[in-house]
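this one's structure only:
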Ligand code: NAD
Ligand code: USQ
(Lines give C-alpha, C1' and ligand atoms only; values in the text may rest on other atoms or scores of the structure.)
(Ligands and ions follow the chains in the order given, each with its own letter.)
Protein backbone atom coordinates (compact mmCIF):
# COMPACT_ATOMS: atom_id res chain seq x y z
CA UNK A 1 0.00 0.00 0.00
CA UNK A 2 1.19 3.59 -0.64
CA UNK A 3 1.21 5.32 2.75
CA UNK A 4 1.90 9.00 3.42
CA UNK A 5 2.84 9.86 7.01
CA UNK A 6 2.54 13.53 7.96
CA UNK A 7 4.75 14.40 10.94
CA UNK A 8 7.01 11.41 10.21
CA UNK A 9 9.97 12.82 12.16
CA UNK A 10 8.01 12.92 15.45
CA UNK A 11 7.68 10.76 18.57
CA UNK A 12 4.91 8.63 17.03
CA UNK A 13 5.46 9.31 13.33
CA UNK A 14 9.00 7.93 13.03
CA UNK A 15 8.26 4.52 14.62
CA UNK A 16 5.08 4.30 12.52
CA UNK A 17 7.09 4.90 9.35
CA UNK A 18 9.50 2.10 10.23
CA UNK A 19 6.66 -0.27 11.12
CA UNK A 20 4.81 0.15 7.81
CA UNK A 21 8.06 0.08 5.84
CA UNK A 22 9.06 -3.16 7.61
CA UNK A 23 5.75 -4.66 6.49
CA UNK A 24 6.56 -3.90 2.86
CA UNK A 25 4.42 -0.79 2.32
CA UNK A 26 5.67 2.14 0.21
CA UNK A 27 6.16 4.84 2.86
CA UNK A 28 6.74 8.57 2.37
CA UNK A 29 7.12 10.87 5.37
CA UNK A 30 6.53 14.62 5.46
CA UNK A 31 7.88 16.91 8.17
CA UNK A 32 8.93 20.54 8.54
CA UNK A 33 10.98 19.91 11.73
CA UNK A 34 8.90 22.37 13.74
CA UNK A 35 9.06 20.08 16.79
CA UNK A 36 12.86 20.17 16.69
CA UNK A 37 12.73 23.99 16.33
CA UNK A 38 10.32 24.44 19.26
CA UNK A 39 12.78 22.59 21.49
CA UNK A 40 15.71 24.62 20.22
CA UNK A 41 13.80 27.82 20.98
CA UNK A 42 13.20 26.83 24.60
CA UNK A 43 16.67 25.25 25.05
CA UNK A 44 15.31 21.76 25.73
CA UNK A 45 15.98 18.50 23.96
CA UNK A 46 14.82 14.93 23.60
CA UNK A 47 16.24 12.65 26.31
CA UNK A 48 17.15 10.13 23.64
CA UNK A 49 19.70 11.48 21.17
CA UNK A 50 17.92 11.54 17.80
CA UNK A 51 19.61 11.61 14.41
CA UNK A 52 18.68 14.06 11.65
CA UNK A 53 15.88 12.58 9.51
CA UNK A 54 18.06 11.69 6.51
CA UNK A 55 20.54 9.88 8.78
CA UNK A 56 17.70 7.97 10.45
CA UNK A 57 16.44 6.94 7.05
CA UNK A 58 19.89 5.73 5.99
CA UNK A 59 20.32 3.80 9.24
CA UNK A 60 16.89 2.21 8.73
CA UNK A 61 17.83 1.18 5.19
CA UNK A 62 21.06 -0.33 6.48
CA UNK A 63 19.28 -2.26 9.25
CA UNK A 64 16.14 -3.37 7.39
CA UNK A 65 16.98 -3.18 3.71
CA UNK A 66 13.85 -1.01 3.33
CA UNK A 67 13.71 2.59 2.11
CA UNK A 68 11.46 5.36 3.53
CA UNK A 69 11.12 8.46 1.32
CA UNK A 70 11.07 11.94 2.87
CA UNK A 71 9.62 15.27 1.72
CA UNK A 72 10.55 18.32 3.78
CA UNK A 73 7.96 21.10 4.04
CA UNK A 74 4.90 22.31 5.87
CA UNK A 75 1.43 20.94 5.35
CA UNK A 76 0.17 24.49 5.79
CA UNK A 77 1.81 25.21 2.41
CA UNK A 78 -0.92 24.25 -0.09
CA UNK A 79 1.37 24.18 -3.13
CA UNK A 80 3.90 21.92 -1.40
CA UNK A 81 1.23 19.57 -0.07
CA UNK A 82 -0.59 19.33 -3.42
CA UNK A 83 2.70 18.40 -5.06
CA UNK A 84 3.47 15.68 -2.49
CA UNK A 85 -0.02 14.19 -2.65
CA UNK A 86 -0.20 14.33 -6.47
CA UNK A 87 3.23 12.69 -6.84
CA UNK A 88 2.89 9.98 -4.19
CA UNK A 89 -0.83 9.21 -4.71
CA UNK A 90 -1.27 7.70 -1.24
CA UNK A 91 -3.96 5.14 -0.51
CA UNK A 92 -3.70 5.91 3.22
CA UNK A 93 -2.66 9.21 4.83
CA UNK A 94 -1.69 9.08 8.50
CA UNK A 95 -1.78 12.59 9.91
CA UNK A 96 0.39 13.21 12.99
CA UNK A 97 1.75 16.55 11.73
CA UNK A 98 0.51 19.03 14.34
CA UNK A 99 1.63 21.03 17.37
CA UNK A 100 0.77 18.44 20.07
CA UNK A 101 1.32 20.22 23.39
CA UNK A 102 -1.46 21.69 25.55
CA UNK A 103 0.97 23.78 27.66
CA UNK A 104 2.65 25.16 24.52
CA UNK A 105 -0.73 26.35 23.25
CA UNK A 106 -1.43 28.12 26.57
CA UNK A 107 1.91 29.89 27.03
CA UNK A 108 1.12 33.05 25.04
CA UNK A 109 -1.21 34.53 22.47
CA UNK A 110 1.43 33.95 19.81
CA UNK A 111 1.83 30.26 20.70
CA UNK A 112 -1.96 29.76 20.77
CA UNK A 113 -2.36 31.35 17.32
CA UNK A 114 0.58 29.32 15.98
CA UNK A 115 -0.97 26.11 17.35
CA UNK A 116 -4.36 26.71 15.76
CA UNK A 117 -2.79 27.94 12.50
CA UNK A 118 -0.54 24.85 12.27
CA UNK A 119 -3.21 22.35 13.24
CA UNK A 120 -6.45 23.70 11.79
CA UNK A 121 -5.05 25.19 8.57
CA UNK A 122 -2.69 22.24 8.00
CA UNK A 123 -5.58 19.80 8.23
CA UNK A 124 -7.88 21.97 6.10
CA UNK A 125 -5.20 22.13 3.39
CA UNK A 126 -4.88 18.37 3.53
CA UNK A 127 -8.62 17.91 2.99
CA UNK A 128 -8.43 20.04 -0.16
CA UNK A 129 -5.39 18.12 -1.46
CA UNK A 130 -7.23 14.85 -0.87
CA UNK A 131 -10.38 16.10 -2.60
CA UNK A 132 -8.33 17.18 -5.64
CA UNK A 133 -5.91 14.28 -6.06
CA UNK A 134 -6.87 11.22 -3.98
CA UNK A 135 -10.60 11.40 -3.11
CA UNK A 136 -10.67 7.66 -2.46
CA UNK A 137 -7.74 7.66 0.01
CA UNK A 138 -8.33 6.92 3.69
CA UNK A 139 -7.40 9.69 6.10
CA UNK A 140 -6.30 8.49 9.54
CA UNK A 141 -6.14 11.57 11.73
CA UNK A 142 -4.67 11.68 15.22
CA UNK A 143 -7.21 13.41 17.41
CA UNK A 144 -7.34 13.36 21.19
CA UNK A 145 -9.49 12.07 24.05
CA UNK A 146 -9.16 15.62 25.40
CA UNK A 147 -11.68 16.76 22.78
CA UNK A 148 -14.41 15.40 25.07
CA UNK A 149 -13.04 16.91 28.28
CA UNK A 150 -14.33 15.40 31.50
CA UNK A 151 -18.16 15.41 31.28
CA UNK A 152 -20.25 13.96 34.08
CA UNK A 153 -21.58 11.21 31.76
CA UNK A 154 -20.03 8.19 30.01
CA UNK A 155 -17.94 9.14 26.95
CA UNK A 156 -18.95 7.34 23.74
CA UNK A 157 -16.80 6.84 20.63
CA UNK A 158 -17.52 9.98 18.64
CA UNK A 159 -21.30 9.96 18.60
CA UNK A 160 -24.22 9.87 21.03
CA UNK A 161 -27.88 9.06 20.53
CA UNK A 162 -29.91 11.96 21.87
CA UNK A 163 -33.65 12.16 22.50
CA UNK A 164 -34.91 15.75 22.59
CA UNK A 165 -38.52 16.92 22.70
CA UNK A 166 -39.70 13.48 21.64
CA UNK A 167 -37.34 13.14 18.64
CA UNK A 168 -34.13 11.10 18.36
CA UNK A 169 -30.88 11.52 16.44
CA UNK A 170 -27.30 10.27 16.58
CA UNK A 171 -25.04 13.32 16.77
CA UNK A 172 -21.38 14.13 17.45
CA UNK A 173 -20.58 13.65 21.14
CA UNK A 174 -20.42 17.04 22.95
CA UNK A 175 -16.91 18.53 23.21
CA UNK A 176 -15.38 20.33 26.21
CA UNK A 177 -11.70 20.78 25.29
CA UNK A 178 -9.37 21.83 28.11
CA UNK A 179 -6.71 23.85 26.26
CA UNK A 180 -6.39 25.83 23.04
CA UNK A 181 -4.45 22.85 21.63
CA UNK A 182 -7.35 20.55 22.46
CA UNK A 183 -9.72 23.13 20.87
CA UNK A 184 -7.69 22.86 17.63
CA UNK A 185 -8.40 19.13 17.56
CA UNK A 186 -12.15 19.79 17.93
CA UNK A 187 -12.00 22.24 15.01
CA UNK A 188 -10.13 19.61 12.95
CA UNK A 189 -12.79 17.00 13.71
CA UNK A 190 -15.55 19.37 12.59
CA UNK A 191 -13.75 20.11 9.31
CA UNK A 192 -12.97 16.45 8.60
CA UNK A 193 -16.55 15.40 9.39
CA UNK A 194 -17.73 18.11 6.98
CA UNK A 195 -15.42 16.84 4.22
CA UNK A 196 -16.73 13.28 4.60
CA UNK A 197 -20.37 14.41 4.55
CA UNK A 198 -20.08 16.92 1.70
CA UNK A 199 -17.26 15.60 -0.50
CA UNK A 200 -17.56 11.91 0.33
CA UNK A 201 -14.00 11.53 1.66
CA UNK A 202 -13.29 8.62 4.03
CA UNK A 203 -11.73 9.32 7.44
CA UNK A 204 -10.96 7.82 10.82
CA UNK A 205 -10.44 10.16 13.76
CA UNK A 206 -8.32 8.41 16.39
CA UNK A 207 -9.15 10.12 19.66
CA UNK A 208 -5.98 9.10 21.39
CA UNK A 209 -5.27 9.22 25.11
CA UNK A 210 -1.90 10.10 26.66
CA UNK A 211 0.93 8.01 25.18
CA UNK A 212 3.87 6.65 27.20
CA UNK A 213 6.90 4.54 26.34
CA UNK A 214 10.34 4.90 24.88
CA UNK A 215 10.73 1.87 22.65
CA UNK A 216 9.05 -0.02 19.83
CA UNK A 217 10.17 -3.24 18.09
CA UNK A 218 11.85 -1.17 15.37
CA UNK A 219 13.53 1.52 17.53
CA UNK A 220 15.04 -1.29 19.64
CA UNK A 221 16.90 -2.69 16.63
CA UNK A 222 19.63 -0.01 16.67
CA UNK A 223 20.29 3.11 18.83
CA UNK A 224 20.37 5.19 15.64
CA UNK A 225 16.67 4.39 15.15
CA UNK A 226 15.57 5.86 18.52
CA UNK A 227 12.48 8.02 18.56
CA UNK A 228 12.37 11.28 20.52
CA UNK A 229 11.44 11.14 24.22
CA UNK A 230 10.52 14.36 26.01
CA UNK A 231 10.15 15.07 29.70
CA UNK A 232 10.15 18.90 29.84
CA UNK A 233 7.07 20.70 31.22
CA UNK A 234 5.89 21.71 27.76
CA UNK A 235 6.27 18.64 25.60
CA UNK A 236 6.68 15.77 28.07
CA UNK A 237 3.56 13.74 28.86
CA UNK A 238 2.90 12.77 32.44
CA UNK A 239 4.05 9.15 32.71
CA UNK A 240 7.19 9.76 30.62
CA UNK A 241 7.93 12.74 32.90
CA UNK A 242 7.39 10.72 36.09
CA UNK A 243 9.79 8.01 34.90
CA UNK A 244 12.54 10.55 34.14
CA UNK A 245 11.90 12.31 37.47
CA UNK A 246 12.20 8.98 39.31
CA UNK A 247 15.57 8.26 37.69
CA UNK A 248 17.14 11.67 38.37
CA UNK A 249 15.74 12.10 41.91
CA UNK A 250 13.30 14.93 41.14
CA UNK A 251 10.03 14.71 43.15
CA UNK A 252 7.21 13.38 40.97
CA UNK A 253 5.28 16.49 39.90
CA UNK A 254 1.62 15.74 40.67
CA UNK A 255 -0.43 18.79 39.68
CA UNK A 256 -2.96 19.74 42.36
CA UNK A 257 -4.99 16.97 43.96
CA UNK A 258 -3.91 14.30 41.44
CA UNK A 259 -7.44 12.98 40.88
CA UNK A 260 -7.38 13.99 37.17
CA UNK A 261 -8.33 10.86 35.21
CA UNK A 262 -7.29 10.26 31.59
CA UNK A 263 -7.01 7.36 29.15
CA UNK A 264 -3.45 6.08 28.56
CA UNK A 265 -1.72 3.73 26.12
CA UNK A 266 1.71 2.37 25.33
CA UNK A 267 3.48 3.64 22.20
CA UNK A 268 3.51 0.05 20.88
CA UNK A 269 -0.30 0.09 21.03
CA UNK A 270 -0.42 3.42 19.16
CA UNK A 271 1.34 1.70 16.26
CA UNK A 272 -0.99 -1.30 16.38
CA UNK A 273 -4.11 0.92 16.51
CA UNK A 274 -2.97 2.91 13.48
CA UNK A 275 -2.22 -0.36 11.70
CA UNK A 276 -5.69 -1.74 12.54
CA UNK A 277 -7.33 1.46 11.24
CA UNK A 278 -5.25 1.21 8.04
CA UNK A 279 -6.17 -2.43 7.42
CA UNK A 280 -9.87 -1.73 8.05
CA UNK A 281 -10.58 1.56 6.25
CA UNK A 282 -13.64 3.75 6.74
CA UNK A 283 -16.22 3.77 3.94
CA UNK A 284 -16.56 6.62 1.44
CA UNK A 285 -18.51 9.39 3.17
CA UNK A 286 -17.86 7.92 6.61
CA UNK A 287 -16.33 9.87 9.52
CA UNK A 288 -15.39 7.06 11.87
CA UNK A 289 -14.24 7.79 15.42
CA UNK A 290 -12.26 5.40 17.63
CA UNK A 291 -11.28 6.19 21.22
CA UNK A 292 -7.65 5.10 21.28
CA UNK A 293 -6.52 4.26 24.81
CA UNK A 294 -6.21 1.03 26.76
CA UNK A 295 -6.51 1.99 30.45
CA UNK A 296 -7.69 4.85 32.67
CA UNK A 297 -5.63 6.20 35.57
CA UNK A 298 -5.64 9.16 37.89
CA UNK A 299 -2.39 11.14 38.06
CA UNK A 300 -1.91 9.99 41.67
CA UNK A 301 -2.28 6.34 40.65
CA UNK A 302 0.47 6.82 38.05
CA UNK A 303 2.74 8.53 40.60
CA UNK A 304 2.21 5.70 43.12
CA UNK A 305 2.85 3.06 40.45
CA UNK A 306 6.11 4.70 39.30
CA UNK A 307 7.30 5.38 42.88
CA UNK A 308 6.72 1.77 43.94
CA UNK A 309 8.25 0.23 40.81
CA UNK A 310 11.26 2.57 40.94
CA UNK A 311 11.73 1.98 44.67
CA UNK A 312 11.97 -1.76 44.07
CA UNK A 313 14.94 -1.30 41.74
CA UNK A 314 16.79 1.08 44.04
CA UNK A 315 15.63 4.60 43.09
CA UNK A 316 14.70 6.89 45.97
CA UNK A 317 11.44 8.51 44.87
CA UNK A 318 9.27 11.19 46.51
CA UNK A 319 5.89 12.47 45.30
CA UNK A 320 5.07 16.18 45.60
CA UNK A 321 1.83 18.03 44.94
CA UNK A 322 2.57 21.18 42.89
CA UNK A 323 -0.01 24.00 42.67
CA UNK A 324 -1.92 23.04 39.52
CA UNK A 325 -0.77 25.32 36.67
CA UNK A 326 -3.78 24.20 34.60
CA UNK A 327 -7.47 24.94 34.95
CA UNK A 328 -8.98 21.46 35.12
CA UNK A 329 -11.16 19.36 37.42
CA UNK A 330 -9.09 17.47 39.98
CA UNK A 331 -11.93 15.17 41.10
CA UNK A 332 -14.42 14.06 38.48
CA UNK A 333 -16.36 11.21 36.91
CA UNK A 334 -14.58 9.59 33.95
CA UNK A 335 -15.73 6.54 32.05
CA UNK A 336 -14.85 6.40 28.35
CA UNK A 337 -15.64 3.63 25.89
CA UNK A 338 -12.73 2.11 23.92
CA UNK A 339 -14.38 -0.98 22.46
CA UNK A 340 -14.00 -0.40 18.72
CA UNK A 341 -10.22 -0.98 18.45
CA UNK A 342 -10.49 -4.02 20.76
CA UNK A 343 -13.17 -5.40 18.41
CA UNK A 344 -10.72 -4.98 15.51
CA UNK A 345 -8.17 -7.11 17.38
CA UNK A 346 -6.10 -4.78 19.58
CA UNK A 347 -4.28 -6.73 22.32
CA UNK A 348 -3.12 -4.05 24.77
CA UNK A 349 0.24 -3.84 26.49
CA UNK A 350 -1.03 -2.96 29.97
CA UNK A 351 0.97 -0.76 32.30
CA UNK A 352 2.65 -2.65 35.14
CA UNK A 353 5.88 -2.79 37.08
CA UNK A 354 7.72 -4.69 34.36
CA UNK A 355 6.96 -2.02 31.78
CA UNK A 356 7.95 0.78 34.16
CA UNK A 357 11.20 -1.05 34.94
CA UNK A 358 12.09 -1.31 31.25
CA UNK A 359 11.42 2.42 30.81
CA UNK A 360 13.54 3.31 33.86
CA UNK A 361 16.40 1.16 32.56
CA UNK A 362 16.39 2.84 29.18
CA UNK A 363 16.07 6.34 30.71
CA UNK A 364 18.96 5.61 33.08
CA UNK A 365 21.27 5.16 30.05
CA UNK A 366 20.71 8.82 29.16
CA UNK A 367 20.44 10.37 32.66
CA UNK A 368 23.40 12.69 31.99
CA UNK A 369 21.37 14.40 29.26
CA UNK A 370 18.52 15.47 31.58
CA UNK A 371 18.06 19.26 31.77
CA UNK A 372 16.77 19.83 35.32
CA UNK A 373 15.41 23.34 34.86
CA UNK A 374 13.02 22.08 32.17
CA UNK A 375 11.11 19.85 34.59
CA UNK A 376 9.29 22.23 36.97
CA UNK A 377 5.83 23.33 35.76
CA UNK A 378 5.72 26.99 34.68
CA UNK A 379 3.00 27.39 32.04
CA UNK A 380 -0.21 28.60 33.63
CA UNK A 381 -3.63 28.30 32.01
CA UNK A 382 -5.05 31.43 33.59
CA UNK A 383 -3.47 34.60 32.17
CA UNK A 384 -4.46 36.60 35.25
CA UNK A 385 -2.07 34.48 37.27
CA UNK A 386 0.88 35.12 34.96
CA UNK A 387 3.61 37.39 36.24
CA UNK A 388 2.83 40.92 35.05
CA UNK A 389 -0.91 40.17 34.67
CA UNK A 390 -3.03 39.66 31.58
CA UNK A 391 -1.05 42.09 29.43
CA UNK A 392 2.01 39.87 29.51
CA UNK A 393 0.08 37.14 27.67
CA UNK A 394 -0.13 39.32 24.60
CA UNK A 395 3.64 39.23 24.34
CA UNK A 396 5.71 36.11 23.66
CA UNK A 397 6.95 34.77 27.02
P1 LIG B 1 5.47 15.20 17.65
O2 LIG B 1 5.55 16.66 17.82
O3 LIG B 1 6.62 14.38 18.13
O4 LIG B 1 5.18 14.84 16.12
C5 LIG B 1 4.54 15.71 15.24
C6 LIG B 1 5.45 15.95 14.05
O7 LIG B 1 4.77 16.78 13.11
C8 LIG B 1 6.75 16.68 14.44
O9 LIG B 1 7.87 15.98 13.95
C10 LIG B 1 6.61 18.06 13.78
O11 LIG B 1 7.84 18.59 13.35
C12 LIG B 1 5.66 17.75 12.62
N13 LIG B 1 4.86 18.90 12.19
C14 LIG B 1 4.16 19.77 12.99
N15 LIG B 1 3.56 20.70 12.23
C16 LIG B 1 3.85 20.39 10.94
C17 LIG B 1 3.51 20.99 9.69
N18 LIG B 1 2.74 22.08 9.63
N19 LIG B 1 3.98 20.44 8.55
C20 LIG B 1 4.78 19.33 8.60
N21 LIG B 1 5.13 18.72 9.76
C22 LIG B 1 4.67 19.25 10.91
O23 LIG B 1 4.13 14.72 18.40
P24 LIG B 1 3.61 13.27 18.74
O25 LIG B 1 3.63 13.10 20.20
O26 LIG B 1 4.28 12.26 17.86
O27 LIG B 1 2.09 13.38 18.31
C28 LIG B 1 1.66 13.09 17.00
C29 LIG B 1 0.17 13.38 16.87
O30 LIG B 1 -0.56 12.59 17.80
C31 LIG B 1 -0.21 14.83 17.17
O32 LIG B 1 -1.22 15.23 16.28
C33 LIG B 1 -0.74 14.79 18.58
O34 LIG B 1 -1.66 15.83 18.80
C35 LIG B 1 -1.38 13.43 18.62
N36 LIG B 1 -1.44 12.84 19.96
C37 LIG B 1 -0.29 12.62 20.68
C38 LIG B 1 -0.37 12.06 21.95
C39 LIG B 1 0.84 11.82 22.81
O40 LIG B 1 0.67 11.54 24.01
N41 LIG B 1 2.06 11.90 22.27
C42 LIG B 1 -1.63 11.71 22.47
C43 LIG B 1 -2.78 11.95 21.71
C44 LIG B 1 -2.67 12.51 20.46
N1 USQ C 1 0.10 16.26 34.90
C2 USQ C 1 0.63 16.22 36.18
N3 USQ C 1 1.97 16.35 36.32
C4 USQ C 1 2.82 16.52 35.26
C5 USQ C 1 2.27 16.57 33.95
C6 USQ C 1 0.90 16.45 33.82
O7 USQ C 1 -0.09 16.04 37.17
O8 USQ C 1 4.03 16.64 35.47
C9 USQ C 1 -1.35 16.08 34.72
C10 USQ C 1 -2.04 17.18 33.93
O11 USQ C 1 -2.44 18.24 34.77
C12 USQ C 1 -3.20 16.42 33.28
C13 USQ C 1 -2.66 15.02 33.08
O14 USQ C 1 -1.51 14.90 33.93
O15 USQ C 1 -4.27 16.33 34.17
C16 USQ C 1 -2.22 14.71 31.65
O17 USQ C 1 -1.29 15.71 31.24
P18 USQ C 1 -0.24 15.45 30.04
O19 USQ C 1 0.65 16.63 29.95
O20 USQ C 1 0.39 14.11 30.18
O21 USQ C 1 -1.23 15.31 28.80
P22 USQ C 1 -2.06 16.39 27.99
O23 USQ C 1 -1.67 17.78 28.29
O24 USQ C 1 -3.51 16.05 28.16
O25 USQ C 1 -1.60 16.11 26.49
C26 USQ C 1 -1.10 14.83 26.06
C27 USQ C 1 -0.42 15.02 24.72
C28 USQ C 1 -1.46 15.50 23.69
C29 USQ C 1 -2.64 14.53 23.68
C30 USQ C 1 -3.22 14.33 25.08
C31 USQ C 1 -4.24 13.19 25.13
O32 USQ C 1 0.63 15.98 24.84
O33 USQ C 1 -0.85 15.54 22.40
O34 USQ C 1 -3.64 15.02 22.84
O35 USQ C 1 -2.16 13.91 25.97
S36 USQ C 1 -5.56 13.52 26.24
O37 USQ C 1 -4.98 13.83 27.56
O38 USQ C 1 -6.38 12.35 26.29
O39 USQ C 1 -6.25 14.68 25.74
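The structure has been received and is ready for your questions. Please read these numbers as outputs of a predicted model, since none were measured by experiment. Numbering: from 1, shown residues only. Ligands and ions are numbered 1, 2, ... in the order given.

all contacts plus neighbour counts: C-alpha atoms, from now on.
OK.

report how many residues lie close to residue 161.
Neighbours of residue 161 under the rule other CA atoms under 10 Å: 12.

my guess is it is in a helix, correct?
No. Under DSSP: H, G, I helix; E, B strand; the rest coil, residue 161 sits outside any helix and is assigned strand.

can you give me every residue that contacts the closest residue to it other than its chain neighbours?
Nearest in space to residue 161, with sequence neighbours left out and distances taken as CA to CA, 6 or more residues apart in numbering, is residue 170 at 4.2 Å. By CA atoms under 8 Å, 6 or more residues apart in numbering, the contact set of residue 170 is 159, 160, 161, 162.

over to residue 29?
Residues counted as contacts of residue 29 (CA under 8 Å, 6+ apart) are 4, 5, 6, 7, 8, 9, 17, 68, 69, 70, 71.

which helix or strand contains it?
Taking DSSP states H and E as the criterion, residue 29 maps to strand 26-31.

direction included, what does that strand pair against?
For strand 26-31, the pairing partners within the sheet under DSSP bridges are strand 2-6 (parallel), strand 69-72 (parallel).

what helix or strand does residue 205 sit in?
Element membership for residue 205 (DSSP H and E) is strand 202-208.

in that strand, what counts as buried?
Within strand 202-208, the residues scored as buried using 16 or more other CA atoms under 10 Å are 202, 203, 204, 205, 206, 207, 208.

between these, which is nearest ligand 1?
Closest approach between the buried residues of strand 202-208 and ligand 1, by CA to the nearest ligand atom: residue 208, at 4.3 Å.

how close does residue 215 get to ligand 1?
Applying CA to the nearest ligand atom, to the nearest Å, the value for residue 215 to ligand 1 is 13 Å.

so that residue belongs to a helix, correct?
No. Under the criterion used here (three-state DSSP), residue 215 is coil, not part of a helix.

mind listing the helices for the stretch 101-250 of the chain?
Taking DSSP state H, counting those that start in this stretch, the helices of the stretch 101-250 of the chain run over residues 102-106, 109-116, 122-133, 180-199, 238-248.

which residues touch the shortest one?
Helix 102-106 is contacted from outside by 111-115, 179-182, 233-235, 379-381, using CA under 8 Å, 6+ apart.

residue ranges with poor pLDDT in this protein?
383, 385-397 (pLDDT under 70).

just give me the residue closest to the centre of it.
In the chain, the residue lying closest to the centroid (CA atoms, centre = their mean) is residue 100, at 5.9 Å.

ok, the closest residue in space to it that isn't next to it in sequence - how many residues close by?
Take residue 100 and drop its neighbours on the chain: the residue closest to it by CA to CA, 6+ apart is residue 181, 7.0 Å away. For residue 181, the count of nearby residues is 28 (other CA under 10 Å).

ok, residue 65 next?
For residue 65, the neighbour count with other CA under 10 Å is 11.
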